[in-house]
Each structure stands twice: as structure tokens, then as C-alpha cells.
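Participant: coordinates only, sequence not included:
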Ligand SMILES: [Zn+2]
């Protein structure tokens, strides 16, 4: 491809943080592999799965070109090596964000038979029902983790811990979390309650004994928080993929949460009827919290 083409690629502007679900845009780069066509556009309403923390799945939807709809089969983070005009996908990305000479982009994966050219005008349309269900699951998971920290703060630690969450509770979630997965109206968090946490002062035996009590208390906290009808605001330091983004929810009465997060989210707690959790010990060291949003 010519130099003119190479210089078209810029960091993709992301729109999912603003609740925008469709957008007219221009094609900046097209690349075909044996199985797929990858398309980079100037901006996109699609949330790509992160190559570093892939807890929030890619959006579904389609691309419209010349009046025809093409399914976007996947959407991942990409990085473009400007000097060598080479595109890297997902876990193949060899650099950290902010690396000079590299642009981070959103890669829309389409079927192989897609014939597109640089500068073509296309429309990208996100499956709104699916994105909304993921957003509800993701925001609910954040609230549940803070509610769990808050409940465990009451009597389940025998020592102070240096790591506190933004509500000034000892940060069980951050110390113990091994895995998180967002799905439709649901968030699943896995926690490891190993030797290190016991040494830090977590009363693991008491947690095991009180599991249903803890579950009920967390659900009470969540109900209280939902009753505030608080807004959820995404604060973005810029409109590209690598700009820092923060999930902010001011619950009032001194409880205000701001945390870094790159996912898509609800705009208000009024979007929920309720949020409830279930706690299960999967083994003597592995605790699972399932958060469900209604
Ligand atoms: Zn998040």
C-alpha cells in the first residue's frame, strides 16, 4: 500500500463512554487474514475486548456499507506500528499503551468476503440490547465489590491493611480477586482466600461460617445504594482507547466512588430494579461472588 494510505491511521476515537451506539465514520485501514477482514475506522461506538484485562466481552453489531449490513464477528484492541505500518491484534501487541511510534486502535473483525477500501464511508451499529446488558452487569459488579468490602470491614479483619478502597474499607476485593467476568446482566468475581490473606489478618474461618449472613448484608447495602438513584458518570481524559477513563458514582452521605475502568456502563442506578449477590465456596480457598442485575 502507498504512503498516503499509511498516514491515514490515527488512534481510534471511542464513543461507547458517551452511550452512543451508532456512528457514521471513515475506514482508515483494512487488512485480510486467511479467515477474516479487520477494519479500523476513525471512530467507533464498539467496545473492544481489552488485551490486558479481558473481563468485558466485545460488543456485537454490524457495519453498513453501500446499504448492505455486515456482521461484526468480534472486536478487539489493536496496536499500529507507525514506522513499519504493521498492525498487531489483541494479545500479539508487543508494547504498552503510550509507547512512542504506536497508535492503539479498535479492530472490527468481519467475514472474509468483505470488500472495503481506505476512506470508504461506513456506518457502525452496536447491538444496543447486548451492550446495555453488559453495561448493567459491569456496573453492578463494581457496586457489589465495594459492598462486599464494606460488609467484611465489620469484624472480618483482625489487623489493619494498608490497601483501602475509595470508601476507606480494607480492600478485600483488590487483595483477593483472581478473575472477573462480565456477562449479560451479570458479573462473576473469583477470590482466593489463601495463606497470604490470612496472614494479612483476614478471618477466613469466620467468613466461611457466616457466608449467608455476609451475603444478606451485602444485598442490604446494595439495596440502600440503589435507593439513592445516583448517577453513574464516565470521566474520560480524552477520546481515544488509551486515555484514562474513570467510573464515578456519588452515592451521597460521604460515599463517592471513583475508579479507573475501561468498560461500558449504565448512566444511572435508576436503570436497576435490584442488584443481588450470591456467595459460594468453590473450594476451601476459592470464593465466588455472582452479581445479578435486574
Ligand atoms: Zn470496570
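Facilitator: That came in fine, so what should we check first? Quick caveat: nothing in here was measured; it's all calculated off a predicted structure. Numbers count the residues shown, from 1 in each chain.
Participant: mind checking pLDDT for residue 3?
Facilitator: As predicted, residue 3 sits at a pLDDT of 44.
Participant: tell me the domain ranges of this protein?
Facilitator: Using automatic domain parsing, the domain parsing of the chain gives 3-126, 129-293.
Participant: Now find how far off-centre the shortest one is within its chain.
Facilitator: Relative to the chain's own centre, domain 3-126 is displaced by 17 Å; criterion: CA atoms, centre = their mean, to the nearest Å.
Participant: For this structure, which residues score under the pLDDT cut-off?
Facilitator: 1-7 (pLDDT under 70).
Participant: Export the domains of the chain as JSON lines, with columns for mean neighbour count.
Facilitator: Backbone N, C-alpha and C define where each C-beta goes, glycine included. As requested, the domains of the chain are exported to JSON lines (neighbours: other CB atoms under 10 Å):
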{"stretch": "domain 3-126", "mean neighbour count": "18"}
{"stretch": "domain 129-293", "mean neighbour count": "17"}
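Participant: The ones you listed: which one's closest to the ion?
Facilitator: When those are compared by CB to the ion, domain 129-293 sits nearest the ion, at 3.3 Å.
Participant: So what would you say the end-to-end distance of the closest one is?
Facilitator: Taking CA to CA, to the nearest Å, domain 129-293 runs 14 Å from one end to the other.
Participant: Spatially, which residue comes closest to residue 97, not counting chain neighbours?
Facilitator: Leaving aside its chain neighbours, residue 97 sits nearest to residue 242 (4.1 Å; criterion: CB to CB, 6 or more residues apart in numbering).
Participant: do you know how far the one you found is from residue 141?
Facilitator: According to CB to CB, to the nearest Å, residue 242 stands 23 Å off from residue 141.
Participant: swap in residue 129?
Facilitator: To residue 141, residue 129 is 19 Å away according to CB to CB.
Participant: Quick check: residues of the chain near the ion?
Facilitator: 261, 263 (CB under 5 Å from the ion).
Participant: repeat that for 6 Å
Facilitator: Taking CB under 6 Å from the ion as the contact definition, the chain meets the ion at 138, 142, 247, 261, 263.
Participant: in a helix, that's where residue 146 is, yeah?
Facilitator: Yes: Residue 146 forms part of a helix when assessed by DSSP: H, G, I helix; E, B strand; the rest coil.
Participant: Might you report the residue contacts of it?
Facilitator: Applying CB atoms under 8 Å, 6 or more residues apart in numbering to residue 146 gives the contacts 165-167, 169, 173, 257.
Participant: what do you get if the cut-off is 7 Å, keeping everything else the same?
Facilitator: 165, 167, 257 (CB atoms under 7 Å, 6 or more residues apart in numbering).
Participant: With that, I have no additional questions.
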